[in-house]
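A.B. asks: the sequence and its predicted three-dimensional model are supplied below.
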Amino acid sequence: MVPDGDFTDLSGKLLIAMPGMGDPRFEKSVVFMCAHSDDGSMGLIVNKPAPGLEMDDLLEQLEIPRGEGSRGVHVHFGGPVEHGRGFVLHSGDYATQSSTLRVDDRFGMTATLDILQDMASGSGPEQRILALGYSGWGPGQLEDEIHQNGWLTCDASPEIVFAPDDGGKWAAALASLGIDPLLLSAEAGRA
């Protein structure tokens, strides 16, 4: 647990998985933190597309009419919790009155069918990542993983989060901190 007074809100930040963190589900993951408090944390992996799964496939299952806005939208693996639940991380130009979690002026997260309908019709957010599942941590769990060198944190930018090259997001997030991924080691050390 983090000592009282040492809590830092990571909402709107990126977690960057360190080599050798021990959980293969998060290997080279970049996680956008949607919510972080003393009660726990919730985020979405933004750089792991679900193989062979497109938005059109989900719309068909949900009986939502497909449109121009749904073509070519890949579905991402948002994390290991609640695989059957969908989330859309999106730019701040979109919000619903009751169901959008406004992370900051640049990012929001919506988990209701109306955003899928809006996206399909072309009236959804300009930038978006559709994800199934999420990454979640109980109270103090994420802080412990950070202290054990499992994660680095950095500011989130739309240029990294919504970049079309999912494979390059991990290196781009590290580069935003001035770190060359080739110099990282899976071995943790203490001075």
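C.D. replies: On my side now, so go ahead.

A.B. asks: tell me where the protein has strands.
C.D. replies: 13-17, 30-37, 40-45, 49-54, 74-77, 81-91, 100-102, 107-110, 128-137, 151-155 (DSSP state E).

A.B. asks: for the first one, name the packing helices and strands.
C.D. replies: If I follow you right, that is strand 13-17. Judged by 3 or more C-beta pairs under 8 Å, 6 or more residues apart in numbering; DSSP states H and E, strand 13-17 is in contact with strand 30-37, strand 151-155, helix 169-176. Using the backbone N, CA and C atoms, a C-beta is placed for each residue, glycine as well.

A.B. asks: angle of the first one against strand 128-137?
C.D. replies: Computed with axes from the mean of the first three to the mean of the last three C-alpha atoms, to 10 degrees, the direction of strand 30-37 lies at 60 degrees from that of strand 128-137.

A.B. asks: figure out how far strand 30-37 is from the centre of its chain.
C.D. replies: 7 Å (C-alpha atoms, centre = their mean, to the nearest Å).

A.B. asks: from now on call the first residue 883
C.D. replies: Taking 883 as the first residue, the last one we looked at is strand 912-919.

A.B. asks: contacts only, for residue 977.
C.D. replies: 984, 990, 992 (C-beta atoms under 8 Å, 6 or more residues apart in numbering).

A.B. asks: can you list the low-confidence ranges for this protein?
C.D. replies: Residues of the chain that meet the criterion pLDDT under 70 lie in 883-889, 1067-1073.

A.B. asks: so what's the residue positioned nearest the centre of it closest to, chain neighbours aside?
C.D. replies: Nearest residue to the geometric centre of the chain (C-alpha atoms, centre = their mean): residue 926, 2.6 Å. The shortest distance from residue 926 to any non-neighbouring residue, by C-beta to C-beta, 6 or more residues apart in numbering, is to residue 960 (4.3 Å).

A.B. asks: could you do residue 1033 as well?
C.D. replies: residue 897 (4.5 Å).

A.B. asks: tell me how far that neighbour lies from residue 912.
C.D. replies: 7 Å (C-beta to C-beta, to the nearest Å).

A.B. asks: before we move on, what about residue 966?
C.D. replies: 23 Å.

A.B. asks: neighbour count: those two, which is higher?
C.D. replies: Set residue 966 next to residue 912 and count neighbours by other C-beta atoms under 10 Å: residue 912 wins out with 26 against 6.
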